[in-house]
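Student: Sequence and predicted structure, then a few things I'm wondering about:
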Amino acid sequence: MTARLQRCARLLIVTLMAIGLNACALFQPRDPLNISVIGIEPLAGQELEMRMAVKMRVQNPNEATVDYNGIALNLEVNGQPLASGVSDQQGHIGRYGEAVVVVPVSITAFAFLRQAYGLSTLESLQGMPYVLRGKLAGGPLGTVRFTDEGRLDLPKGGSLNW
């Protein structure tokens, strides 16, 4: 009986090792998503808040599709929080594919005043740093986090260029 138990134990160990190796293949490191802010459009706000739609181009440089069922964003300008937003939209970005995603964000009056105060100390509005942090939630491989950093340039016409 002990020889039979030893064979069963060996078979169990080999099976568990094979399953473990297959599981490791699922968790291969992935390249980060490439995120580019491609536009900001005004939306109707309420009382002491402004609303905008942030348009992002999301590129997936991986062999696996990225599925998502929610998006969250935080936007900092000049080192200060400015806007945040969430959306429950669903979608997927195919392997080596891209998509344009639009997320509504809110700017409170206090965040706007904080930015205005910070801007009053600057000599120029050109080249203000921004950081966009966010996540695409859900999917079989979990949440995918991303960051986009750059500088804002305000041309003579007054529209935002990223």
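Tutor: Yes, it's here.
Student: can I assume residue 85 is in contact with residue 102?
Tutor: No: counting by CB atoms under 8 Å, residue 85 stays clear of residue 102, with 10.1 Å between them. Every residue, glycine included, has its C-beta placed from N, CA and C.
Student: Next, show the common contact partners of those two.
Tutor: residue 54 (CB atoms under 8 Å, 6 or more residues apart in numbering).
Student: any idea how far residue 53 is from residue 43?
Tutor: According to CB to CB, to the nearest Å, residue 43 stands 6 Å off from residue 53.
Student: Give the residues shared as contacts by those two.
Tutor: In the contact map built from CB under 8 Å, 6+ apart, the residues linked to both residue 43 and residue 53 are residue 104.
Student: Between the two, tell me which one has more neighbours.
Tutor: Neighbour count, other CB atoms under 10 Å: between residue 43 and residue 53, residue 53 has more, with 15 against 12.
Student: Identify the bridge partners of the more buried one.
Tutor: residue 41, residue 104 (DSSP bridges).
Student: quick one, what contacts it?
Tutor: So, once contact is read as CB under 8 Å, 6+ apart, residue 53 ends up touching 40-43, 102-105.
Student: what's the burial count for the residue lying closest to residue 39 once chain neighbours are set aside?
Tutor: Spatial nearest neighbour of residue 39, chain neighbours left out: residue 55 (4.1 Å); criterion: CB to CB, 6 or more residues apart in numbering. When neighbours are counted by other CB under 10 Å, residue 55 registers 15.
Student: Show me what counts as buried in the helix or strand harbouring residue 55.
Tutor: Per DSSP states H and E, residue 55 falls inside strand 49-59. Neighbour counts over strand 49-59 (16 or more other CB atoms under 10 Å) mark 50-52, 54, 56, 58 as buried.
Student: Fine, thanks again, bye for now.
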